[in-house]
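Trainee: the following block contains a protein sequence and its predicted model.
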Amino acid sequence: MTTSAPPPPHVVADLAPTGVLRASINLGNAVLAQGTLDEPRGVTVDIAHVVGGRLGVPVELVTFDGARKSFEAMATGAADICFLAIDPVREEEVAFTEPYVLIEGAYVVPVDSPLRTVADVDAEGVRVAVKGGSAYDLHLTRSLQHATLVRNDTGVGSLLSEPLEAGAGIREAVAAFAEANEGFRVVDGAFMQIRQAVGTTRTRSAESVAFLRDLVEELKASGFVADALERAGQRREAVAPPA
């Protein structure tokens, strides 16, 4: 836990206008949050409690099973802060800190697939399962030139019921899927680096955003983020470097 001085009252009122810090938690990313919608845990939950503690207000965890819903809560004012990947589309409405965790995006394919590299996936006739509204959905929407995205609520899990050529997701999730389901393998390489950050709406003051940015840097430097990842069974090495 960190011990720096609390922010001024106007920053507290700006970030927690109801007197409670409402933190949007996405359980759709197992690196960042685990547990259940009623009892979440993980690095994002730990950071949310540090932010609330620094502000001197209670924390309410507003939990969702996907990034799209978590983003919508932030954008509509149902939450005060969020934990999402930085993306140009989201940045239109959300002011992000620098990343606290870096995650790779990877593909999974049937074991006998001819697709061997990331470049192979972007071809005519290749259909890629992706969780709609996720950071990798947003990225692949911009970057894929030939392959077709098949958006759903289960992501790579839909490969078990649909004869698609590939699935996209965070590396840890697709690796776990391939390990648990015989007949699938992870494609070599990564199609993106996912920069996970703390965010709040752009309606907040520059001072409030600076408070969040400084706190994230402090938590990375102190080892708090690495320790939180380790407690959750995740790799300490996923911590993003200093800004």
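Mentor: Structure received. Residues are numbered from 1 along each chain as shown.

Trainee: what about the residue positioned nearest the centre of the chain, which helix or strand?
Mentor: Centroid-nearest residue in the chain, with Cα atoms, centre = their mean: L84, separated by 4.1 Å. Using DSSP states H and E, L84 maps to strand 81-85.

Trainee: show residues contacting that strand.
Mentor: With Cβ atoms under 8 Å, 6 or more residues apart in numbering as the test, strand 81-85 has contacts from 15, 21-26, 32-33, 44, 47-48, 51, 67, 70-71, 73-74, 90, 94, 96, 103, 135, 194-200, 212. C-betas here are computed from N, CA, C, even on glycine.

Trainee: buried residues in the helix or strand following that strand, which are they?
Mentor: Counting by DSSP H and E, the element after strand 81-85 in chain order, helix or strand, is helix 88-91. Buried residues in helix 88-91, counting neighbours by 16 or more other Cβ atoms under 10 Å, are found at R90.

Trainee: for helix 88-91, name the packing helices and strands.
Mentor: helix 135-143 (3 or more Cβ pairs under 8 Å, 6 or more residues apart in numbering; DSSP states H and E).

Trainee: tell me the mean pLDDT over the helix it packs on?
Mentor: Averaging pLDDT along helix 135-143 gives 95.

Trainee: compute the inter-axis angle for it and strand 81-85.
Mentor: Put simply, helix 135-143 runs at 50 degrees to strand 81-85, going by axes from the mean of the first three to the mean of the last three Cα atoms, to 10 degrees.

Trainee: direction included, what does the helix or strand following helix 135-143 pair up with?
Mentor: Downstream of helix 135-143, the next assigned helix or strand under DSSP H and E is strand 148-152. Here strand 148-152 is paired, per DSSP bridges, with strand 127-131 (parallel).

Trainee: give me the contacts around the partner strand.
Mentor: Outside strand 127-131, the residues touching it (Cβ under 8 Å, 6+ apart) are 28, 66-67, 107, 121, 136-137, 140, 144, 147-156, 158-159, 162, 164-169.

Trainee: and this structure, split by domain according to the record?
Mentor: 9-101+196-238, 104-192 (automatic domain parsing).

Trainee: residues near L160, how many?
Mentor: 12 (other Cβ atoms under 10 Å).

Trainee: show the pLDDT at T2.
Mentor: For T2, the pLDDT comes out at 44.

Trainee: same thing with G66?
Mentor: Reported pLDDT for G66: 88.

Trainee: before we move on, the earlier item: kindly export the strand holding L84 (C-alpha atoms) in CSV.
Mentor: The C-alpha trace of strand 81-85 is given here as CSV (Å, rounded to 0.1, in the frame of the first residue of the first chain):
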residue,chain,number,x,y,z
ILE,A,81,-13.1,4.7,-13.3
CYS,A,82,-12.5,1.8,-15.5
PHE,A,83,-9.7,-0.8,-16.3
LEU,A,84,-9.5,-1.2,-20.0
ALA,A,85,-7.0,-1.5,-22.8
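
Trainee: still on that earlier bit, restricted to strands, list the contacts of strand 81-85.
Mentor: Assigned to strands by DSSP state E, the following of the contacts of strand 81-85 qualify: 21-26, 94, 96, 103, 194-200.

Trainee: partner strands of the strand holding L84 and their direction?
Mentor: Using DSSP bridges, strand 81-85 pairs in its sheet with strand 21-26 (parallel), strand 192-201 (antiparallel).
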